[in-house]
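>>> Generate coordinates for the sequence data below:
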Amino acid sequence: MTTIRPPAKRGHWIFSVNPHQYHWDTLFVKGKEMWRGAGTRPDAIRALKQVRKGDRVLCYHSAPERALYAIAEVTRDPYADPHDRESKMMVADLRAMERLPRQIPLDELRNNASVRKVKFLKNVRLIISPVTEEEYQEILRMAGIVATPGLPLP
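Model prediction:
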């Protein structure tokens, strides 16, 4: 007898980058890329270990822009950075999905009661932060992405 497991729930994350070191447009030009943004920061590596293939990533630019910029998809579970000889860094493969129709500034996120509890908004120094399904849907709504009946949101 074969046991059928329900599909795993998709996770949602905010990945933050400094646009002077890496701009999310790079991902859109390439289409997909190995993202090395966690570096050697223990908090970022711990969070990255929870990310799974199929998860959605809200791409955030830190100063000076301080805004959510785009959506990407994780195409492979995180793994050890093949360029790191000490094997301390982890990476995730990302695929560009779409730029947000409207970038959402940090202040606007903080002023929305529906997303106020997002860890990232309490500590913008976080590189990777989890987002609940409800928070993700609200952020998409804020960006101008609305659901089409019968079709899932990105």
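
>>> helices or strands up against the longest strand belonging to the chain?
Longest strand in the chain, counting residues (DSSP state E): strand 90-105. Counting contacts by 3 or more Cβ pairs under 8 Å, 6 or more residues apart in numbering; DSSP states H and E, strand 90-105 packs against helix 24-30, strand 32-35, helix 42-48, strand 67-80, helix 133-143. Where you see a C-beta, it was placed from the backbone N, CA and C, and this is true even at glycine.

>>> Enumerate every residue touching the spatially closest residue to L106 that is not a sequence neighbour.
Spatial nearest neighbour of L106, excluding adjacent residues (Cβ to Cβ, 6 or more residues apart in numbering): R66 at 4.2 Å. By Cβ atoms under 8 Å, 6 or more residues apart in numbering, the residues touching R66 are P105, L106, D107, V124.

>>> Compare the residues you listed and tell me which is most surrounded.
Per-residue neighbour counts (other Cβ atoms under 10 Å) across the contacts of R66 peak at L106, which has 18 neighbours.

>>> which residues touch that residue?
Going by Cβ under 8 Å, 6+ apart, L106 touches R66, A67, L121, V124.

>>> how near is K88 to R41?
10 Å (Cβ to Cβ, to the nearest Å).

>>> When these two are compared, which one has more neighbours?
Taking other Cβ under 10 Å, K88 and R41 do not tie; R41 has more neighbours (16 against 12).

>>> How about that one, nearest residue that isn't a chain neighbour?
I127 (6.2 Å).

>>> For the residue sitting nearest the centre point of the chain, which non-adjacent residue is closest in space?
Taking Cα atoms, centre = their mean as the criterion, V57 is the residue nearest the geometric centre of the chain, at 2.4 Å. Closest residue to V57 apart from its sequence neighbours, by Cβ to Cβ, 6+ apart: A72 at 4.4 Å.

>>> The one you found: neighbour count?
Neighbours of A72 using other Cβ under 10 Å come to 27.

>>> what's around the nearest residue to K32 once chain neighbours are set aside, how many residues?
Distances taken as Cβ to Cβ, 6+ apart put R95 closest to K32, at 4.3 Å, once the chain neighbours are dropped. If you count neighbours by other Cβ under 10 Å, R95 ends up with 15.

>>> ok, R95 to K9 distance?
19 Å.

>>> element containing D107?
helix 106-110 (DSSP states H and E).
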